[in-house]
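Asks: predicted model follows, preceded by the sequence.
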Amino acid sequence: EMFKGLCNGKLLIKCNYKYQCNNILYFTTDHANKRKKSLIYTKTGDKGTTSLYNGERRPKNDLTFEALGNQDELNAVIGIAREHCLLSSNGLEKMLEEIQSTLFDIGAAIATPMDNSTIEKLNYVKFSPKYTIKLEEWIDEIDSKLPPLKNFVIPSGGITSCYINLARTICRRTERSVISLIQSEQVDHEVGIYLNRLSDFLFVASRMSALVDGKSEILWKKVH
């Protein structure tokens, strides 16, 4: 069904639930009744709680969700750093991509408290030490190619290096937020070990980025 009318002196065409005026579409309330609902929003968290992997609901300001939020932020910033690594062709992008996937495994482990989850779920999300071993191998390889440190390095060395350094600081925060969960035996200690080693990796990766990009690192010096 279609009819024409005027809108502020201009032609208005109605077709079902859409209005078109001067090449701009306007939707009526009928559209809300016809549209397909996205699965992205569930409204179950509108009262300030959300679910863990084991089905338990907790307030969104619970320590577990604080840790998960930090892990999510870390992954997002590593994504930015990876995009810059691709632009500079420094060879770090594949490592960062693998780390991003591993951080999803970290999130699953955090979201499955050891003190009240089933054995089946705990076995499914168990975090393997092999991921930390891989980081250590990468650290050894990268560090062997870097000039030796003679002083503290101020975050510098180009935009890519600085983004990797930003990820390092968020990694430290993520680790701090996980420690309390490890101490209360809700999260496997292997998660904390990985995050500790990841910040070391990100430090040498930032230095390698500066080296490949031909950017100078700024060394700390006491200001008088």
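Replies: Received it, and whenever you're ready, just let me know what you need.

Asks: only C-alpha atoms for contact and neighbour calcs from this point on.
Replies: Will do.

Asks: surely C162 meets P155?
Replies: Yes - with contact defined as C-alpha atoms under 8 Å, C162 counts as touching P155 (5.9 Å).

Asks: how about the strands of this protein, start to end?
Replies: Ranges of strands in the chain, per DSSP state E, are 2-7, 10-15, 18-21, 24-27, 49-51, 57-59, 153-154, 218-219.

Asks: from the contact counts, what lies against the last one?
Replies: Under the contact definition 3 or more C-alpha pairs under 8 Å, 6 or more residues apart in numbering; DSSP states H and E, strand 218-219 sits against strand 153-154.

Asks: partners of the strand it packs on in the sheet?
Replies: Strand pairing for strand 153-154, determined by DSSP bridges: strand 218-219 (antiparallel).

Asks: now do the partner strand, average pLDDT.
Replies: Averaging pLDDT along strand 218-219 gives 81.

Asks: ok, and what's touching it?
Replies: N151, F152, V153, I154, P155, S156, G157 (C-alpha atoms under 8 Å, 6 or more residues apart in numbering).

Asks: ditto for stretch 96-116
Replies: Contacts to stretch 96-116, defined as C-alpha under 8 Å, 6+ apart, come from residues 52-54, 64-65, 67-68, 71-72, 75, 78-79, 82, 121-122, 125-127, 131, 178, 185-188, 191.

Asks: can you give me the neighbour number for N151?
Replies: When neighbours are counted by other C-alpha atoms under 10 Å, N151 registers 10.

Asks: pretty sure it contacts W220?
Replies: Yes - counting by C-alpha under 8 Å, N151 touches W220, with 6.6 Å between them.

Asks: okay, which residue is most central for this protein?
Replies: For the chain, N75 is the residue whose C-alpha lies nearest the centre (C-alpha atoms, centre = their mean; 2.3 Å).

Asks: got the contact list for that residue?
Replies: Q100, L103.

Asks: please redo it, this time with the cut-off set to 10 Å
Replies: Contact analysis of N75 by C-alpha atoms under 10 Å, 6 or more residues apart in numbering lists 69, 81, 96-97, 99-104, 167, 170-171.

Asks: over to L122?
Replies: Applying C-alpha under 10 Å, 6+ apart, the residues near L122 are Y53, N54, A108, A109, T112, P113, M114, D115, N116, D188.

Asks: mind checking how far it is from A111?
Replies: L122 is 10 Å from A111, where distance means C-alpha to C-alpha, to the nearest Å.

Asks: isn't V153 right next to S161, touching?
Replies: No - counting by C-alpha atoms under 10 Å, V153 does not reach S161; the two are 11.6 Å apart.

Asks: pick out whichever of those two has more residues nearby.
Replies: S161 (28 against 15).

Asks: where does this protein have low pLDDT?
Replies: Within the chain, the set of residues satisfying pLDDT under 70 comprises 1-33.

Asks: excluding its backbone neighbours, what's nearest Y163?
Replies: Leaving aside its chain neighbours, Y163 sits nearest to A81 (5.3 Å; criterion: C-alpha to C-alpha, 6 or more residues apart in numbering).

Asks: burial of C162, as a residue count?
Replies: Around C162 there are 19 residues (other C-alpha under 10 Å).
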